[in-house]
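Asks: whatever this is, show me its structure:
(one chain, ligands or ions: 1)
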Amino acid sequence: MPLMSKDAYIDSLRDERVIFWGGERIEDVPSHPRFRVPIDVALRDYDYGDDAKRDLITYRTEDGSLAHRVYQVPRSEEDLRLRLEMMPHMSIVGGVTGVFMALLSIVDELRKERPDFADNVERLYKEARSKDLRAAEVITDAKGDRARKAHEQDDPDLYTRIVERRPDGIVVRGAKLHITAASLVHELVVMPTKSMSEEEKDYAVAFSIPTNTAGVKIINRSFAPPTLNSFDYPASSHHSMPEGFVIFDDVFVPWDRVFLAGEWKLAGLFASSLGLWERTGGVVDAVETGRIMVGLAQLVSEMQGKGRKPEALNGVAELIAFAETMRMSLEHACRNFERTPSGMVHPNVLAINVAKYQFASQFHQMVKVLHDLAGGLVLTLPEEADLRSNESGPYLRKYMHAVKDTDVETRMRVYNAIRDLTADAYGGWKQVVALQAGGGLLAQRVMMHRAYDMPGARKAALDVAGARPANRS
Ligand SMILES: Cc1cc2nc3c(=O)[nH]c(=O)nc-3n(C[C@H](O)[C@H](O)[C@H](O)COP(=O)(O)OP(=O)(O)OC[C@H]3O[C@@H](n4cnc5c(N)ncnc54)[C@H](O)[C@@H]3O)c2cc1C
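Replies: Next up is the predicted model:
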């Protein structure tokens, strides 16, 4: 099958999916103003008309057809490098379609237990690839009381579960929250949010279904109103993507779309599989975020005549250390790649978790450095309309002057970028995303404990203490 065209993508969203936003049932997703920017964002991944971009975002599959590179299973360091090079050019919708890499990274383990379900993973991956579909990572449950297990909740549906097993498939009930781009994808790839015990086996469920499957309902939420001008909101005006509150109201899933149905020992494997690629995406984004923050801090300092002052030099140096730590970590993770038994090459697990942890735990501190250098105009700068007004504009041009060689309009644009990226619509979203997307800090701490060479560290510590190494693995 050929790659999907932009028009075909837009038409594909007219499939009677059940979508809500702001209390309204949205019958026609493509024509609704709320989806204008998000669809423009998604269309960037179908930008196959541009020759240079097409080379970067596509590859030849094993059967010779052309597919989006998000579907390429890296088999070598070079494949991995190309994937990481593509990621900054991919929209968040393409980014979450990487969920197939998570599934394929555990297919060997799954095959040992359920070869039929492993076949389902491989078949649906190939189908999605050949049709050039987009898919969402549908993992995070409502979860209710965090201190209680899934089956101990006041309402048994607070974690997504199997409510009926039939000869032809399973019936599933529950809700998955915060699902990026759920309303704009073709497939909902559902996995357990955590490991499950034997009593929770009905909650050990994974599958992939089309977004318009009967019983699926999606309530949307976004940080951005439908229209924002690009002068005052340089990021939010063209970067927004709704998250979906996805409800499974007794949804039937045929057996050939099921990946897990009660094999509780495998639930944790599914839940952790997504983390690696999700956090890799986070680190790729962190590299660019860090570079932009250095640039903004430098510009805003220069534009106020304090570029050579120790305060500015110190602040910018802190941001450089942050940005370079991100860049070097990603390089290190890629160079020290690992390989699954069936040959998928992926970034180093420890390095990616350390890098994502550093990003998530330092990002707010780095925003503070930038805000400290920038001052109050981050929040109080008048809008573009005031600048363009014949009455108020001259006052802005007079009193926004600071140093020669910086025109007022450029200064305003830099302030708007700082506000929008760190303190307003997109910026508010980013503050939470930095921490929670790909799992909160705890998720990375757990992975660091698992991946670190603890026996080696323990032995080194015992050696330096002059003690006999304890007989522990
Ligand atoms: C913008 C955005 C986009 C997202 N996109 C997706 C997506 O596409 N797909 C998807 O599946 N998810 C997505 N998520 C969800 C994200 O993975 C979760 O928000 C994150 O894992 C935290 O889970 P939670 O929100 O349920 O909060 P909680 O589970 O309440 O976690 C909040 C904090 O409490 C800690 N905590 C939780 N339980 C316990 C406990 N029992 N004991 C001690 N500490 C605990 C956590 O470690 C964390 O630090 C997205 C989130 C955001 C904000």
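Asks: residues in the stretch 201-350 of the chain within reach of the ligand, list them.
Replies: Counting by CB under 6 Å from any ligand atom, the positions of the stretch 201-350 of the chain adjacent to the ligand are residue 243. Quick note: C-beta positions are derived from backbone N, CA and C, even for glycine.
Asks: could you check the pLDDT of residue 16?
Replies: On the pLDDT scale, residue 16 is placed at 96.
Asks: likewise for residue 1?
Replies: According to the model's per-residue confidence, residue 1 sits at a pLDDT of 66.
Asks: ramachandran angles for the residue of the stretch 1-150 of the chain found nearest the ligand?
Replies: Closest approach between the stretch 1-150 of the chain and the ligand, counting by CB to the nearest ligand atom: residue 139, at 3.2 Å. Dihedral angles phi and psi of residue 139 (degrees, to the nearest 10) take the values phi -120, psi -50.
Asks: gap between the two ends of stretch 183-190?
Replies: One end of stretch 183-190 sits 14 Å from the other (CA to CA, to the nearest Å).
Asks: swap that for stretch 200-217, please
Replies: Looking at stretch 200-217, the gap from its leading to its trailing residue is 25 Å under the measure CA to CA.
Asks: that stretch - what's its average pLDDT?
Replies: The average of the pLDDT scores along stretch 200-217 is 98.
Asks: tell me how far it is from the chain's mean position?
Replies: Its chain's C-alpha centre lies 21 Å from the corresponding centre of stretch 200-217 when counted by CA atoms, centre = their mean, to the nearest Å.
Asks: in this structure, which spans are strands?
Replies: Listed in chain order, the strands found in the chain under DSSP state E are 18-21, 24-26, 58-60, 66-68, 135-138, 161-166, 169-180, 187-190, 205-210, 216-221, 243-254, 258-261, 338-339, 345-346.
Asks: make a markdown table out of the ones you listed and add mean neighbour count.
Replies: What follows is the strands of the chain, written out as a markdown table (neighbours: other CB atoms under 10 Å):
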| stretch | mean neighbour count |
| --- | --- |
| strand 18-21 | 20 |
| strand 24-26 | 13 |
| strand 58-60 | 16 |
| strand 66-68 | 20 |
| strand 135-138 | 27 |
| strand 161-166 | 16 |
| strand 169-180 | 21 |
| strand 187-190 | 26 |
| strand 205-210 | 24 |
| strand 216-221 | 20 |
| strand 243-254 | 20 |
| strand 258-261 | 24 |
| strand 338-339 | 14 |
| strand 345-346 | 20 |
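Asks: can I get the ones you listed in CSV with distance to residue 309?
Replies: As requested, the strands of the chain are arranged in CSV below (distance: least, CB to CB, whole Å):
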stretch, distance to residue 309
strand 18-21, 47
strand 24-26, 52
strand 58-60, 48
strand 66-68, 48
strand 135-138, 45
strand 161-166, 60
strand 169-180, 41
strand 187-190, 51
strand 205-210, 56
strand 216-221, 42
strand 243-254, 41
strand 258-261, 58
strand 338-339, 46
strand 345-346, 45
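Asks: count of neighbours near the residue of the stretch 1-150 of the chain closest to the ligand?
Replies: Other residues lying near residue 139 total 26 when counted by other CB atoms under 10 Å.
Asks: ok, now residue 302?
Replies: Using other CB under 10 Å, residue 302 has 17 neighbouring residues.
Asks: how about whichever helix in the chain runs longest: buried residues?
Replies: When every helix of the chain is counted residue by residue (DSSP state H), the longest turns out to be helix 267-302. Residues of helix 267-302 classed as buried: 267, 269-287, 289-294, 296-302 (neighbour count, 16 or more other CB atoms under 10 Å).
Asks: which elements pack onto that helix?
Replies: helix 99-105, strand 258-261, helix 310-335, strand 345-346, helix 349-374, helix 408-422, helix 441-451 (3 or more CB pairs under 8 Å, 6 or more residues apart in numbering; DSSP states H and E).
Asks: tell me the angle that helix makes with helix 441-451.
Replies: 120 degrees (axes from the mean of the first three to the mean of the last three CA atoms, to 10 degrees).
Asks: rewinding a little: with distance to residue 120 and mean pLDDT added, can I get the helices and strands packed on helix 267-302 in JSON lines?
Replies: Shown next, in JSON lines, are these (distance: least, CB to CB, whole Å; pLDDT from 0 to 100):
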{"stretch": "helix 99-105", "distance to residue 120": "10", "mean pLDDT": "94"}
{"stretch": "strand 258-261", "distance to residue 120": "6", "mean pLDDT": "98"}
{"stretch": "helix 310-335", "distance to residue 120": "30", "mean pLDDT": "96"}
{"stretch": "strand 345-346", "distance to residue 120": "22", "mean pLDDT": "94"}
{"stretch": "helix 349-374", "distance to residue 120": "26", "mean pLDDT": "97"}
{"stretch": "helix 408-422", "distance to residue 120": "41", "mean pLDDT": "97"}
{"stretch": "helix 441-451", "distance to residue 120": "27", "mean pLDDT": "94"}
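Asks: got CSV for the ones you listed, with distance to residue 221 too?
Replies: Below are the helices and strands packed on helix 267-302 laid out as CSV (distance: least, CB to CB, whole Å):
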stretch, distance to residue 221
helix 99-105, 21
strand 258-261, 28
helix 310-335, 28
strand 345-346, 32
helix 349-374, 22
helix 408-422, 19
helix 441-451, 22
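Asks: let me see the contact set for residue 203.
Replies: Applying CB atoms under 8 Å, 6 or more residues apart in numbering to residue 203 gives the contacts 150-151, 159-162, 192, 196, 264, 267.
Asks: ok, which pair from the residues you listed is furthest apart?
Replies: Taking CB to CB as the measure, the contacts of residue 203 span a maximum distance of 13.9 Å, between 160 and 264.
Asks: summarise which helices and strands the helix or strand of the chain at the bottom of the mean pLDDT ranking is packed against.
Replies: Here the helix or strand of the chain ranked lowest by mean pLDDT, DSSP states H and E is helix 51-57, holding a mean of 89. Helices and strands in packing contact with helix 51-57 are listed as helix 77-86; criterion 3+ CB pairs under 8 Å, 6+ apart.
Asks: and the helix it packs on, what does it pack onto?
Replies: Using 3+ CB pairs under 8 Å, 6+ apart as the test, helix 77-86 ends up in contact with helix 51-57, helix 310-335, strand 345-346.
Asks: wait, isn't residue 159 in contact with residue 142?
Replies: Yes - using CB atoms under 8 Å as the test, residue 159 is close enough to residue 142 to be in contact (7.3 Å).
Asks: so these two - more neighbours on which side?
Replies: The neighbour count for residue 159 versus residue 142, taken as other CB under 10 Å, is higher for residue 159 (25 against 17).
Asks: once you drop chain neighbours, what's closest to the more buried one?
Replies: Closest residue in space to residue 159, ignoring its immediate chain neighbours: residue 150 at 3.8 Å, by CB to CB, 6 or more residues apart in numbering.
Asks: count of neighbours near the one you found?
Replies: When neighbours are defined as other CB under 10 Å, residue 150 has 27 of them.
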